[in-house]
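Q: I would like the atomic coordinates for the input below:
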Amino acid sequence: MRWALVKVSLAVTAMVVVAFAVPLGLVIKEMARDRAFANAEREAAAIAPALSITTDRDQLERVVASAGSDDGMAVHIPAVEGSGDEQEAAAVEIGRQRATDQDIEATRKMGRASTARVPGGSALLQPVALSSGQIAVVEVHIPDTAVGKGVGTAWTVLAGVGLALIVGSVAVADRLGVRMVRPAQRLVRGARELGEGKLGARVPEEGPTELRLAAVSFNSMADQVVQLLANERELAADLSHRLRTPLTVLRLNAASLGDGPAAEQTRAAVAQLEREVDTIIRTAREAKPQTAAVGPGAGCDAAEVVRERMEFWSALAEDEGRKWRVAGVDRPVRIPVARADLAAALDALLGNVFRHTREGTAFAVDVHNGEDAVIVLVSDAGPGIADPEAAMSRGRGSGTDGSTGLGLDIVRRLAESTGGDVRIGSSVLGGTEIRIWIQLDDREGAPLRRGHRGAVRRRRASKPVATAGRGGRGASV
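A: Alright, predicted model coming up:
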């Protein structure tokens with residue numbers, strides 16, 4: 001918009017300058033010509049009084065020399081024929097003749113001034129009546145340099161003024177364009193920030209009327225979005241709070257189970273469930289989401305989280321006779337994800353293994369640390385997932401009892417918050433393999449945004465996909 005306005009202003013101003021400058025330049029040229037001929041007429045008029053008094057050569061030469069135009073002026077006096085007492089007088093020619101004899105005779109016969117074209121310029125021919133009744137002709141040479149004197153300078157000044165007008169109009173149009181473009185750019189930037197989850201993004205209500213009204217509408221929409229999200233968080237907190245009563249009853253019943261591994265596992269599961277409910281309530285009431293870690297050094301050690309959660313689930317695996325293994329957790333693996341979020345994602349995937357496979361089904365967790373990404377693989381030897389796309393749909397799940405798809409949705413949102421994704425495939429154990437691709441920070445130290453996911457996937461397609469049981473040492477926890 002800004003450059004379009006500048007181009008329009010440039011074209012219009014250039015047309016106006018040309019429309020005025022060209023005729024004005026021609027007028028200046030004509031004025032210079034008229035000035036040169038007017039000077040020549042004055043010089044010729046200065047000789048006329050002397051010619052009316054005398055035709056003596058010596059006196060006329062002195063008059064011409066006193067006029068300072070002896071080189072550019074000529075006087076042509078015709079011969080006078082004598083009769084009776086009068087003496088015959090010869091023709092007198094003073095100065096350099098440039099006009100032709102025909103032009104001089106034509107001027108003498110017409111009795112009025114005329115101009116003739118001569119080499120190097122023009123000649124003004126002025127007739128003057130003598131005392132003898134004859135007509136003398138005064139010739140004044142007007143060189144071309146005199147006709148164009150000052151025209152080049154005037155045209156240069158005119159061109160400079162025209163250029164200054166064009167530059168000034170472009171500068172004014174640029175300022176007007178900035179005044180229009182900046183509010184539009186702020187509106188675009190605000191919309192982008194709001195789309196990225198920055199709910200505090202607002203646009204100054206400045207600029208032209210249309211853009212100011214657009215800014216007002218955008219701010220109103222952003223306020224409504226914030227209000228809707230706040231209502232949603234309050235609703236989630238309220239619904240989660242309703243779970244406290246049955247959890248309290250469940251905790252009391254678990255406390256009465258006595259001692260034993262099963263009782264301890266039940267009480268640990270109830271305590272974990274209470275902590276998760278509390279986390280949901282606190283997160284729902286906070287103004288910002290807790291999905292991705294923010295700031296330098298934020299995140300967690302994926303290897304440590306995997307070891308911790310596998311220690312929790314291993315007890316249940318032993319009770320159900322499940323073989324399990326974990327690999328790639330012998331060294332720290334930093335990822336830009338909050339510890340609680342990664343733990344929730346692992347619990348969701350491992351919980352699906354226990355919930356949707358028969359007892360005795362083996363499972364494994366592998367962590368692969370790459371240059372730009374960390375891959376977490378959760379595999380099992382179960383029957384697999386018939387429709388992976390439906391399983392990834394929030395609220396649908398696999399269609400079996402207790403399957404809503406929320407667990408995989410939690411995992412997907414965690415991966416996408418870093419610029420990665422989640423894929424479902426077949427594992428080397430014969431069942432399902434859930435691959436979590438967690439994108440690390442880019443070379444400049446800033447996390448890749450969701451809009452860069454396409455480039456990440458294209459880069460990923462050129463790399464071999466790691467699978468469970470490859471490239472790592474198994475270790476039981």
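Q: pull the helix or strand with minimum mean pLDDT from the chain.
A: Taking mean pLDDT, DSSP states H and E as the measure, the helix or strand of the chain with the lowest value is strand 474-475, at a mean of 36.
Q: give me the helices and strands touching the longest helix anywhere in the chain, please.
A: With DSSP state H applied, the helix covering the greatest number of residues in the chain is identified as helix 2-53. Counting contacts by 3 or more Cβ pairs under 8 Å, 6 or more residues apart in numbering; DSSP states H and E, the secondary-structure elements packed against helix 2-53 are helix 57-66, strand 73-77, strand 121-129, strand 135-143, helix 144-147, helix 151-195. Every C-beta, even on glycine, is put in place using the N, C-alpha and C of the backbone.
Q: okay if I get these as a markdown table plus mean neighbour count?
A: As requested, the helices and strands packed on helix 2-53 are arranged in a markdown table below (neighbours: other Cβ atoms under 10 Å):
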| stretch | mean neighbour count |
| --- | --- |
| helix 57-66 | 15 |
| strand 73-77 | 24 |
| strand 121-129 | 20 |
| strand 135-143 | 23 |
| helix 144-147 | 14 |
| helix 151-195 | 15 |
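Q: just confirm Ile375 is within a strand.
A: Yes: with DSSP: H, G, I helix; E, B strand; the rest coil as the criterion, Ile375 is located in a strand.
Q: wait, it touches Ile434, no?
A: No: Ile375 is beyond contact range of Ile434, at 10.8 Å (criterion: Cβ atoms under 8 Å).
Q: looking at the two, which is more packed in?
A: For the pair Ile375 and Ile434, the greater number of neighbours falls to Ile434 (27 against 19), based on other Cβ atoms under 10 Å.
Q: got any ranges where the stretch 351-477 of the chain has weak pLDDT?
A: Counting by pLDDT under 70, the stretch 351-477 of the chain contains low-confidence ranges at 393-407, 441-477.
Q: what about the helices in it?
A: With DSSP state H, counting those that start in this stretch, the ranges of helices along the stretch 351-477 of the chain come out as 388-391, 406-416, 453-461.
Q: helices or strands next to the longest one in the packing?
A: What it means is helix 406-416. Using 3+ Cβ pairs under 8 Å, 6+ apart, the elements in contact with helix 406-416 are helix 339-356, strand 421-426, strand 432-439.
Q: can you tell me how far the residue nearest the centre of the chain is from Leu26?
A: To find the centre residue of the chain, average its C-alpha atoms and take the closest one (Cα atoms, centre = their mean): that gives Gln185, at 8.6 Å. Going from Gln185 to Leu26 by Cβ to Cβ, to the nearest Å gives 46 Å.
Q: any idea of the angle the longest helix of the chain forms with helix 57-66?
A: Orientation check (axes from the mean of the first three to the mean of the last three Cα atoms, to 10 degrees): helix 2-53 against helix 57-66 gives 160 degrees.
Q: how far off centre is helix 2-53?
A: In terms of Cα atoms, centre = their mean, to the nearest Å, the gap separating the centre of helix 2-53 from the centre of its chain is 47 Å.
Q: same question for stretch 359-373.
A: That offset, for stretch 359-373, works out to 44 Å (Cα atoms, centre = their mean).
Q: counting by contacts, list what the host helix or strand of Val249 packs against.
A: In the assignment (DSSP states H and E), Val249 maps to helix 244-255. Packed against helix 244-255, as judged by 3+ Cβ pairs under 8 Å, 6+ apart, are the following elements: helix 261-285.
Q: what is the mean pLDDT for the helix it packs on?
A: The average of the pLDDT scores along helix 261-285 is 75.
Q: which strands and helices sit next to that helix?
A: Checked by 3+ Cβ pairs under 8 Å, 6+ apart, helix 261-285 has helix 209-241, helix 244-255, helix 302-319 packed alongside it.
Q: relative to Thr13, which of those is closest?
A: Each of these has some distance to Thr13 by Cβ to Cβ; the shortest is helix 209-241, at 25.3 Å.
Q: run the chain-centre distance for the closest one.
A: Helix 209-241 has its average C-alpha position 28 Å from the chain's average C-alpha position, going by Cα atoms, centre = their mean.
Q: A helix includes Arg112, no?
A: No: secondary structure assignment (three-state DSSP) places Arg112 in coil, not in a helix.
Q: got a list of what it touches?
A: Contacts of Arg112 were listed using Cβ atoms under 8 Å, 6 or more residues apart in numbering, and they are Pro127.
Q: 10 Å instead, please
A: For Arg112, the residues meeting the contact criterion (Cβ atoms under 10 Å, 6 or more residues apart in numbering) are Leu125, Gln126, Pro127.
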